[in-house]
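Colleague: Next one to model:
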Amino acid sequence: MNYSIFIVKIIKKPVQSLFKNDISSTEFIVQFPQTRSKNYMDTFQVRVWGNLSSDVIKYYQNNDYILIEGYISLSRKDQNRKQVRLTAFKIYPFF
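Modeller: Below is the predicted model:
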């Protein structure tokens with residue numbers, strides 16, 4: 001099971017894309033708020049679909065802290081590095 005919950009900081013502005021069937025998708029880059037060492041990756045990409053995608057564009061911006069729930073997937077960026085992507089199903093503001 002790769003269902004996860006994280007508290008993260010948005011570091012790149014969310015960008016929305018529309019597909020042929022009027023399905024919207026939003027992608028943005030987030031960062032863990034505290035890291036103890038630089039031996040691991042502290043940023044990853046988040047993708048949101050549907051109505052939640054429009055809400056992310058409307059309510060969230062750079063430097064906002066959010067709590068996200070979703071599924072993690074790994075893909076190879078090149079031979080030695082893997083890229084982490086989270087598909088979010090729920091997003092909450094974290095004050």
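Colleague: Disregarding residues adjacent in the polypeptide, which is nearest to residue 8?
Modeller: Excluding the flanking residues, the one nearest residue 8 by C-beta to C-beta, 6 or more residues apart in numbering is residue 30, at 3.9 Å. (Each C-beta comes from the backbone N, C-alpha and C, glycine too.)
Colleague: what's near enough to touch the residue nearest the centre of the chain?
Modeller: Nearest to the geometric centre of the chain sits residue 46, at 2.0 Å (C-alpha atoms, centre = their mean). Residues near residue 46 by C-beta atoms under 8 Å, 6 or more residues apart in numbering: 8, 27, 28, 29, 30, 68, 70, 85, 86, 87, 88.
Colleague: Selecting buried members of the residues you listed in PyMOL, what would you type?
Modeller: Of the contacts of residue 46, the buried ones go into a single PyMOL selection, burial set by 16 or more other C-beta atoms under 10 Å:
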select buried, resi 8+27+28+29+30+68+70+85+86+88
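Colleague: Figure out how far the helix or strand that contains residue 46 is from the centre of its chain.
Modeller: Here residue 46 sits within strand 43-49, counting by DSSP states H and E. Between the centre of strand 43-49 and the centre of its chain there are 3 Å (C-alpha atoms, centre = their mean, to the nearest Å).
Colleague: partners of it, with directions?
Modeller: In the sheet, strand 43-49 lines up against strand 24-31 (antiparallel), strand 82-93 (parallel) (DSSP bridges).
Colleague: what about dumping the CA coordinates of that strand to PDB?
Modeller: Taking Å, rounded to 0.1, in the frame of the first residue of the first chain, the C-alpha atoms of strand 43-49 are listed here in PDB:
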ATOM      1  CA  THR A  43      10.900  17.900  -3.100                       C
ATOM      2  CA  PHE A  44       8.400  16.000  -5.200                       C
ATOM      3  CA  GLN A  45       5.700  16.600  -7.800                       C
ATOM      4  CA  VAL A  46       2.000  16.600  -6.900                       C
ATOM      5  CA  ARG A  47      -0.800  16.000  -9.400                       C
ATOM      6  CA  VAL A  48      -4.500  16.700  -8.700                       C
ATOM      7  CA  TRP A  49      -7.500  15.800 -10.900                       C
END
